[in-house]
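# Take a look and give me a structure for this.
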Amino acid sequence: MALAAYLTINFAVLVIAFLILWQICARMKDVTVVDSFWALGMVILAAASFIQTGAATPRRLLLLGLCALWGLRLGGYLIWRWRDHGPDRRYVSMMAKAEAQKGWGYAEASLRLVFATQAPMLFIVCLPVQLGQFDAQPLALGPLAWAGAALSIVGVLFESFGDWQLTRFRKNPETRGKVLNTGLWRYTRHPNYFGDACVWWGLYLIAAETVPGLWALPGPVLLTWTLMKWSGVPTLEHRLRKTRPDYASYIASTSGFVPWPPKRA
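All right, here's what the predicted structure looks like:
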């Protein structure tokens, strides 16, 4: 199979899945669940790639397994958070502004502002899992792949433990309005984002032992940029500066992304 046809089929699968989800969200008038599909959609692309490529080589199994481990864990957690917390205030505000300023209905606004942007971004971020499965050579996993597998597992554990600590903190009535600065959150303000980046840089290393996989570099680069400069850290910290009085001092003492011992006051 030609690489272009292979990727075209994957993109078509992704678009169909997004359109189905868009219809569901438009009827609910809530697009929060799209966050969970950011993870689950990558599992779908990993599975679609595995089905198309044929033989279950060690590299393909490793890429599919690690992507599924990360995606099912994160997707399930985000679905639970949505059911527990309700609609995400970011999306509520975005949809309200689109209706008030542009006159768009919910279905049009959600398609234009959420689904039409997330689908191509998801496809690009997921390139390591797609391109890394395309070429079966070399069959054996080399040092780079094993290093990537270790980095991805560390990322899943780091992100999972960070989410667990944050959930416990939010559920404790005594910490309401305070800043979480213990556990992993003592060393980085965003352990979940750092874990995400580790997972996808690790998957890229696994893929990079193949020729097509080398070209998957835009995937982890785009993910890291979105987390650090666009929809991740900047959006979250802009809100927390307004709602948490101690957050400014937390920023001054704690690393923004890569874990590091906190600075002394």
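# Can you name the residues in contact with the least confident helix or strand in the chain by mean pLDDT?
Least confident helix or strand of the chain, by mean pLDDT, DSSP states H and E, is helix 233-243 with a mean of 81. Among residues not part of helix 233-243, those counted as contacts by C-beta atoms under 8 Å, 6 or more residues apart in numbering are 90, 177, 179, 189-190, 193, 227, 247-248, 251, 256-257. For the C-beta atoms, the positions are set from N, CA and C on the backbone; glycine is no exception.
# May I see these arranged in CSV, with neighbour count as well?
Below are the contacts of helix 233-243 laid out as CSV (neighbours: other C-beta atoms under 10 Å):
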residue, neighbour count
90, 15
177, 8
179, 19
189, 23
190, 25
193, 22
227, 20
247, 18
248, 12
251, 15
256, 14
257, 17
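# Report the two of those residues separated the most.
Maximum pairwise distance among the contacts of helix 233-243 (C-beta to C-beta): 25.6 Å, between 177 and 227.
# Which helix or strand contains residue 91?
Secondary structure from DSSP states H and E places residue 91 in helix 89-97.
# For that helix, what does the pLDDT average out to?
Taken as a whole, helix 89-97 has an average pLDDT of 91.
# helices or strands up against the next helix or strand after it?
The helix or strand immediately downstream of helix 89-97 is helix 106-110, counting by DSSP H and E. On a contact count with 3 or more C-beta pairs under 8 Å, 6 or more residues apart in numbering; DSSP states H and E, helix 106-110 meets helix 3-28, helix 89-97.
# Could you rerun that using 6 Å?
Contacts defined by 3 or more C-beta pairs under 6 Å, 6 or more residues apart in numbering; DSSP states H and E place helix 106-110 against helix 3-28.
# Give me the phi and psi for the nearest residue to residue 21 once chain neighbours are set aside.
Excluding the flanking residues, the one nearest residue 21 by C-beta to C-beta, 6 or more residues apart in numbering is residue 37, at 5.7 Å. Main-chain torsions, residue 37, degrees, to the nearest 10: phi -70, psi -20.
# For residue 37, give its distance to residue 69.
Applying C-beta to C-beta, to the nearest Å, the value for residue 37 to residue 69 is 17 Å.
# So which of those two has more stuff around it?
Higher neighbour count among residue 37 and residue 69: residue 37, with 25 against 16, using other C-beta atoms under 10 Å.
# Got the confidence number for residue 136?
We have a pLDDT of 79 for residue 136.
# Then the one 4 residues further on?
At residue 140, the predicted lDDT confidence score is 92.
# Tally up the residues packed near the nearest residue to it once chain neighbours are set aside, please.
Nearest non-adjacent residue to residue 140, counting by C-beta to C-beta, 6+ apart: residue 58, 7.1 Å away. For residue 58, the count of nearby residues is 14 (other C-beta under 10 Å).
# This completes my enquiry, with thanks.
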